[in-house]
Each structure stands twice: as C-alpha cells, then as structure tokens.
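Visitor: please find the sequence and the predicted model below.
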Amino acid sequence: MFLTITTTGTPERPATDLGYLLHKHPDKAQAFSTSYGTAHVLYPEAESGRCTAALLLEVDAVALVRRGKGKGRGGAPDAALAQYVNDRPYAASSLLAVALSSVFSSAMKGVCNARPELPGQARPLRVEVPALPARGGPDLVRKLFEPLGWAVTAEPVPLDTEFPDWGDSRYVSLVLEADALTLAEALRHLYVLLPVLDDAKHYWVAPDEVDKLLRVGEGWLPGHPEQRLITSRYLSRRWSLTRQATERLELVRLAEADDSEVEEIDNAVEAETEAEEKPTPLAVQRREAIVTALRQSGAARVLDLGCGQGQLVQTLLKDPAFTEIVGVDVSMRALTIASRRLKLDRMGERQASRVQLFQGSLAYTDVRLKGYDAAVLSEVIEHLDLPRLPALEYAVFGSARPRTVLVTTPNVEYNVRWESLPAGHVRHGDHRFEWTRAEFRAWAEAVAERHGYGVAFEPVGPDDPEVGPPTQMAVFTQTSPKEAKAA
Ligand code: SAH
C-alpha cells in the first residue's frame, strides 16, 4: 500500500517544510511498527522547489488474521476479515488510513511545535494513490473529493492489462491536486474517505468511532453533499452508529446555538417582565408550572426530554417526590454543561442514584425511554423541523408511552408584546416554527387522539387577554394503556 504527498515551494517557503509538518526528516527513511504491519516513511524527492513524502505500508497479513481470530474486540467477524487479506498488501484502504493517523498524528491534528506557523498555511498539494479500492468507481471518488477543493483524476485500473476485455477492477489510480489546502485538512480528508471508498472496514466498529468521525470531520463533513454516504460507509453501515453520527452532525449547529438559548430567552423576558412588574423570569415560571403539573399527576419517575443544560433536572432533584429523573438530549455539549451544573461527579450516592443523563435523539424510538410515569418536553418541539415532528410524536406517545406528557412551546401570538423582538421574528434563531394557540391545540389534540391520551392546556406566564400567554403548555394524560392503532 502506497501513498505519496507532494508539495511545491519557493526559496522563501521551501517545499521541504513538508518534513516539519509531517515531523519526519526528509533525509531519513524511517520505519514504524503499527498494529497491522510496518509503515515506512521516505522522501523520493526533497528540494526547496518540490518535495514528496511517501508512506508505504507493509501489511503483516498473518498478524491481521491472528488478530481477528484471537483477541478480536468484542467479537470481530473473522470470516469477513480473512477474505480481505489477499489484496490488503497492495491496495490502499482503511489500513492505510489507520497508518496515516498513527504515523502522522501531529500533522493530522495540525500541530508543529518546531514551526507553529506552518500547519495553518495552505499550500499546493498533490496526493497520489496508485491502487485505491473504490466501490462506486471514479464517479464517486470525484463526488467525495471535489467538494473539498481537490481536482480529481481517477483512472480505473484494468483487471488484467493483458486481457483488456475482462474490464476494470474495482481499483482506481488516484491523483488529487489542490492549490491551497493545509496538510492537516488533506490528511483528515484521506483518513475518512479512503475507508469510505474501500467500504470494507477491517475491524469492529467501536462506539467511539462516531466521536472520531465527528472530530476528524470537523470543518468539512457537516455540509458535505455526500455526508450521508460518507457517514454510513465510514461506520460500516452500522445503522445505530450511522444514525447517531448523522443526528449529531445535523445538530452541530444546534448544539452551538443551544448554549445561548436559555440566557437569551431569560434576558428578553426579564426585560419584559420587569416592565410588567412580574419579577420571575419566564424560564423559572415555566419550571414552576411543570413541577406543579408533575406533582398533580403523581409522577415519581420522570423523563426530561431535550433537557438542555439541566435546569429542570436540577429543580426536580430538590423535590423528593421525584425518585428518578432522567435527562435526555441530543447535544453532547448541553449534557456536559448539565452534568457540570448538577455536579454529578461530586454528588452523594443517594442523590446520584436518582439522576441520570444520556444522549439520545427524540426523532427515534428508544427502549431506554419506556416505563416512566411522566415525560417533559419543555421548549423542544419547536427545535425540530416540522416534517420530523411525527417521528418525535411516535417515539414519545407511541413507543415510550409515559402516563403523563407535558409539552411546552412558545405562543407566537405573544411575540408582539415583546419590545425587544422585531416584528415577524421568532424568539430564538434555531426555532423552526412557533405556533399560535390554535395551531398548538390542533396538533396536540390530534396527537392525543391518535395515541389514546386526553389533553388539557395551561397558560404559562402572564395570560394576555388578547394574545394569550408567552408560553403554552399541553398536559397529556393517558386514557388507554395500549397504543391506539394508527388508522
Ligand atoms: N428543555 C430545556 C431546553 C430547551 S432547548 C429548557 O426548557 O430550557 C431545546 C433542547 O432540545 C436543546 O437542548 C436541544 O439539544 C434539544 N433537542 C433538539 N432536537 C432534539 C432531538 N431530536 N432529540 C433530543 N433533543 C433534541
């Protein structure tokens, strides 16, 4: 397996800086032992005008098979492994990606202690991979690399040059050229996309692969037109992992937005309520309304779905009526803040046994959500695109089916009462919609009807005679224990 990286330079910015960037001296040939064989790094050319680094991976096929058979992690599929041993020594693949990341790990992270200014500099780069297994052919290769700023030459490699009518193999000979990319960007693209094209990951996909993909894909994977295919292939089509990664990628923007959410609303409302001589911020009033409704329902085990930064979980913990409180959010960042807020790591054993936070998406059914007395969706539904709302509806009312469900959402009619809110604007940049009272009522009643619940509505905050309250809350109570059959 063979890959070269070439850059060109000038006397002021010599191409041999590549040696600093890769942390490998151009005058030396070096060998590194990796878990799959030996990786050699050498420089076929090293002039100030042009410098090429080559990575050659000698795969130890026997060790590979042994690894698979012996101490495979959590049941590595041996048969699948063995069948790939044949072409491994010659074809670039996910093994090459693994070698790239272990031999050039600092370069991939964009770290260069000796010359800290170098990693940030974009430069002309040329990458050559003479034999790349590419399921999907040259077309897919172009679709994957071109959006990232590469000019792509991908020639199919014939199965056998002596017998041209046998057709092409699944290998391409690949040349990538970019005028201005940083080396770190280039390595991250290769690290993800080589195994994607190979489409046959050789080892068991560990749960932390999702984190790795998100880390390495930062800055280029969200928004890539082939994001779905990349994610699903990278994670070897393991549906649950793919789903997680896709969700999380889609919500990267959201995760960034949600930090400011609570403060933003609180501040706006604080300003408003001061004028109205109501001293309590709306977010606090909302939590009070939720706690009251939960107590009235007699719930002890409560889910806070889309718990954000954990304010409600914190409030519920103070009330011994709630014996088990579970916060669920799709945003890892929100959960990290929640866990800090709750001081989960310093909590006494008894308190700690009452609370749990986990990551999950409400757009999918989740067995972990079954069997609770009540679920709260506080200011969550408006963060989902309308077409996804039925999925949330099914996950909560169809699958999890707690006895009580509380849903709060902004009442858009009230927005005119907010001086700080320009006309026609929603309250937060990430709100996909804000409903009138009639719209919310129509949705809630239909949901209740479909799933065997009754529903009542309560205002939260000052109930304006004309436009209603700033927050509207629906209290759903299960009327039939079985899920109503969808019509
Ligand atoms: N319930 C909190 C936070 C509301 S902000 C409160 O009342 O203050 C909305 C929260 O919903 C965010 O934390 C966001 O990450 C989360 N969220 C959005 N879509 C989600 C989904 N599909 N699954 C789970 N959580 C989601």
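Guide: Good, I have the coordinates.
Visitor: so how far is stretch 298-318 from its chain's centroid?
Guide: Stretch 298-318 has its C-alpha centroid displaced from the chain centroid by 24 Å (CA atoms, centre = their mean, to the nearest Å).
Visitor: gap between whatever residue of the stretch 51-200 of the chain ends up closest to the ligand and T182?
Guide: Nearest residue of the stretch 51-200 of the chain to the ligand: V192, at 24.5 Å (CB to the nearest ligand atom). C-beta: built from backbone N, CA, C; applies to glycine. In this view, V192 and T182 are 16 Å apart by CB to CB, to the nearest Å.
Visitor: how about D27?
Guide: D27 is 24 Å from T182, where distance means CB to CB.
Visitor: what of P225?
Guide: Distance, P225 to T182, using CB to CB: 22 Å.
Visitor: ranges for the strands of the stretch 151-300 of the chain?
Guide: For the stretch 151-300 of the chain, the strands defined by DSSP state E, counting those that start in this stretch cover 151-158, 168-181.
Visitor: hmm, back to that, looking at V192 and T182 now, which is surrounded by more residues?
Guide: V192 (22 against 19; other CB atoms under 10 Å).
Visitor: go ahead and confirm the more buried one touches L214.
Guide: No: in this structure V192 lies outside contact range of L214 using CB atoms under 8 Å: 10.6 Å.
Visitor: now the common contact residues for those two.
Guide: Applying CB atoms under 8 Å, 6 or more residues apart in numbering, one finds that V192 and L214 are jointly contacted by L221.
Visitor: for A206, give me the pLDDT.
Guide: In the predicted model, A206 carries a pLDDT score of 61.
Visitor: equivalent analysis for the one 10 residues further on, please.
Guide: Reading off the per-residue confidence, V216 sits at a pLDDT of 91.
Visitor: equivalent analysis for the one 4 residues further on, please.
Guide: Per-residue pLDDT puts W220 at 93.
Visitor: quick one, what contacts the nearest residue to it once chain neighbours are set aside?
Guide: The shortest distance from W220 to any non-neighbouring residue, by CB to CB, 6 or more residues apart in numbering, is to L148 (5.8 Å). Listed by CB under 8 Å, 6+ apart, the contact partners of L148 are 181, 185, 189, 220, 224.
Visitor: ranking these by neighbours, who comes first?
Guide: Counting neighbours by other CB under 10 Å, H189 comes out on top of these with 24 neighbours.
Visitor: okay, that residue and L197: tell me how far apart.
Guide: Distance from H189 to L197, by CB to CB: 11 Å.
Visitor: do N113 as well
Guide: Distance, N113 to L197, by CB to CB: 33 Å.
Visitor: kindly report the same for V328.
Guide: Taking CB to CB, one finds V328 at 36 Å from L197.
Visitor: compare those two (neighbour count), which wins?
Guide: A count of neighbours by other CB under 10 Å puts L197 above the other of V328 and L197, at 28 against 21.
Visitor: shouldn't A99 be in contact with L56?
Guide: No: using CB under 8 Å, A99 is not in contact with L56, being 9.3 Å away.
Visitor: shared neighbours, those two?
Guide: Common contacts of A99 and L56 (CB under 8 Å, 6+ apart): 1, 39.
Visitor: those two: which is more packed in?
Guide: Just comparing A99 and L56: by other CB under 10 Å the higher neighbour count belongs to A99, 27 against 17.
Visitor: check which helix or strand the more buried one maps to.
Guide: Per DSSP states H and E, A99 falls inside helix 94-103.
Visitor: with only the CA atoms kept, save that helix in PDB.
Guide: Extracted as PDB, the C-alpha positions of helix 94-103 are listed here (Å, rounded to 0.1, in the frame of the first residue of the first chain):
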ATOM      1  CA  SER A  94      -8.700   1.600   5.600                       C
ATOM      2  CA  LEU A  95      -5.400   0.100   6.900                       C
ATOM      3  CA  LEU A  96      -3.600   2.900   5.100                       C
ATOM      4  CA  ALA A  97      -5.900   5.400   6.800                       C
ATOM      5  CA  VAL A  98      -5.100   3.900  10.200                       C
ATOM      6  CA  ALA A  99      -1.400   4.100   9.300                       C
ATOM      7  CA  LEU A 100      -1.700   7.700   8.200                       C
ATOM      8  CA  SER A 101      -3.300   8.600  11.500                       C
ATOM      9  CA  SER A 102      -0.700   6.800  13.600                       C
ATOM     10  CA  VAL A 103       2.400   7.900  11.700                       C
END
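Visitor: many thanks, have a good one.
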